[in-house]
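> kindly generate the corresponding structure for this input.
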Amino acid sequence: MAEEKNPEQNVEPNDADRAQFEQDVLKAAQDAMNLEAEVNASASSATGNANAEKPADAEGQNAEAPKAEEKAAEQPAAPSAEEILKQQLADANDRNLRLMAEFENFRRRNAKEQLELIETANGKLLEKLSEVQDNFERAFASENKAKDLEAFEKGMQMIYNQFAKVLTDAGLEQIDPTGKEFDPNLHEALMQQPSETIPEGHVVTVFQKGYKLKNKILKTAKVIVSSGK
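You can find the predicted model right below:
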């Protein structure tokens, strides 16, 4: 049987990509704020310079005015520093808006991909469990179960092993602390009883096994703890 690929291997994008994207958005916003401050400062400076200048010779200016108008008509006026800064600010704001829109699309796409991965993983697990169910149904429907109990028991054991393997492959692990030291993080003590062979504070009997999924505790084991001799 071909080995099935783990869907978690294709998870994109990762946390580093998301963090880098957020840094780009914040940098674009900061650039826009800096440009806006520079535009305001330039506008204030230009206004002050205009108020400080006074005409030294009104007649000379009037005489040169027609020539200046003709020259201005011949070539387009260059944009002022303030106009250049305003354009840069508009460009920065536009980049900022695009980055914000791209980040929102990135966030939605990532959430959708995560949901699809979970659904795919659940589907594969349920597919394997359905095979176990099919084997149970075939065993119960067998005409030989009443005639050959030993063979029937052997078949049940094989189905159980198949079921246990499905759970193990999915990352489920049993907690069976028989004879081990009691750990309140993994075990739930139902009672204490004396024991000649098990030291005090160790598990005498496991009433119900516990389970964990990839180091995450799903259910603690219910146990009876030794109180010593």
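
> longest helix in this protein, by residue count?
helix 81-141 (DSSP state H).

> got the buried residues for whichever helix or strand comes after that one?
Going down the chain from helix 81-141, the next helix or strand is helix 149-169, by DSSP states H and E. Taking 16 or more other Cβ atoms under 10 Å as the basis for neighbour counts, the residues of helix 149-169 that come out buried are Phe152, Gly155, Ile159, Phe163, Val166, Leu167. To be clear about C-beta, it is placed using only N, CA and C from the backbone, and glycine gets the same treatment.

> can you add pLDDT and distance to Glu200 and give those residues back as a markdown table?
A markdown table is the format used below for the buried residues of helix 149-169 (pLDDT from 0 to 100; distance: Cβ to Cβ, whole Å):
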| residue | pLDDT | distance to Glu200 |
| --- | --- | --- |
| Phe152 | 82 | 44 |
| Gly155 | 86 | 43 |
| Ile159 | 91 | 40 |
| Phe163 | 90 | 37 |
| Val166 | 90 | 39 |
| Leu167 | 88 | 34 |
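
> between the residues you listed, which is nearest Leu129?
When these are ranked by distance to Leu129 (Cβ to Cβ), Val166 comes first, at 6.1 Å.

> what pLDDT, on average, does stretch 88-101 get?
Averaging pLDDT along stretch 88-101 yields 87.

> any idea which element Val191 lies in?
Actually, residue 191 is Met. It isn't Val. Under DSSP H and E, the secondary-structure element containing Met191 is strand 187-193.

> as PDB, could you dump the C-alpha coordinates of that strand?
The C-alpha atoms that make up strand 187-193 are tabulated as PDB, following Å, rounded to 0.1, in the frame of the first residue of the first chain:
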ATOM      1  CA  HIS A 187      -3.200   9.600  37.100                       C
ATOM      2  CA  GLU A 188      -6.400   9.900  39.200                       C
ATOM      3  CA  ALA A 189      -6.300   8.000  42.500                       C
ATOM      4  CA  LEU A 190      -9.500   6.300  43.300                       C
ATOM      5  CA  MET A 191      -8.300   4.800  46.600                       C
ATOM      6  CA  GLN A 192      -5.300   3.400  48.500                       C
ATOM      7  CA  GLN A 193      -4.700  -0.200  49.600                       C
END
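
> the helix or strand that that strand is followed by pairs with which strands, parallel or anti?
The first helix or strand that comes after strand 187-193 along the chain, using DSSP H and E, is strand 203-208. With DSSP bridges as the criterion, the sheet partners recorded for strand 203-208 are strand 221-226 (antiparallel).

> related to what we said a few turns ago, now for the longest helix of the chain, which elements pack on it?
For helix 81-141, the helices and strands in contact under the criterion 3 or more Cβ pairs under 8 Å, 6 or more residues apart in numbering; DSSP states H and E are helix 15-52, helix 149-169.

> hey, least reliable of those by pLDDT?
Looking across these, the weakest by mean pLDDT turns out to be helix 15-52, at a mean of 65.
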